[in-house]
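Chemist: Need the 3D shape of this:
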Amino acid sequence: MANPYPWYPWYANDYAAATAHLSDPADLYYRRLLDHYYKTRRPLPDDDGAWANICRAHSEAMKQLVPLVVEEFFVLESDGWHNRRADREIAKMVEKSAKRSRAGKASAQQRATSNPTHEPTPVEHVFTQSQSQSQPESKPPKKEREKRADARGAHSVYQIEESRRGSSAA
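Modeler: Take a look at the predicted model:
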């Protein structure tokens, strides 16, 4: 299933304050863990190997750093490692999305019941115009194009180019 929340709020000042003491690799690993957490909306598994894969930590030295980051910023619960701030932000996102969904459905229902003949709104009217009105004029048939070129005294693009060269050479 695709993530219905392909974004998450980012509070740069809060993050900077909480991570100022980290080395560059530790900062990167924390950010990758947070990205994974928000993307999956699930706690991290209680598995050092999974954390290393999430962080893309390949050397032994880097793999030893990942658990230190997890233990500093995440809390172990029965279902895995949680980040309290991320849990709060995810709950807000879910509630906001549900609220907007309810409002949209109520609005659609109100429009449907208040306009029983369903005369199109100005926006709907734009989208329901006939194709012939909304599409640009197509090119005339080849015979018609040839007639127009003949009327100009040229039978092809090649002849037009030749006539231009001839006139510039004179």
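
Chemist: Strands of the protein, start to end?
Modeler: With DSSP state E as the definition, the chain shows strands at residue ranges 75-77, 80-82.

Chemist: Compare the ones you listed and give me the one nearest residue 63.
Modeler: Counting by Cβ to Cβ, residue 63 lies closest to strand 80-82 out of the strands of the chain; the figure is 16.4 Å. Heads up, the C-betas are built off the backbone N, CA and C, glycines and all.

Chemist: Break the chain down into its domains, please.
Modeler: By the record's domain assignment, the chain is partitioned as 1-117, 140-170 (automatic domain parsing).

Chemist: if we can go back for a sec, of the strands of the chain, flag the one that's most buried.
Modeler: Among the strands of the chain, strand 80-82 has the highest mean neighbour count (mean count of other Cβ atoms under 10 Å), at a mean of 17.

Chemist: so how far is it off the chain centroid?
Modeler: Taking Cα atoms, centre = their mean, to the nearest Å, one finds strand 80-82 lying 27 Å from the centre of the chain it belongs to.

Chemist: Counting by contacts, list what it packs against.
Modeler: Taking 3 or more Cβ pairs under 8 Å, 6 or more residues apart in numbering; DSSP states H and E as contact, the helices and strands that strand 80-82 lies on are strand 75-77.

Chemist: what does the strand it packs on contact?
Modeler: 43, 46, 81, 82, 83, 84 (Cβ atoms under 8 Å, 6 or more residues apart in numbering).

Chemist: what bridges to the third one?
Modeler: By that I understand residue 81. Residues in a beta bridge with residue 81, per DSSP bridges, are residue 44, residue 76.
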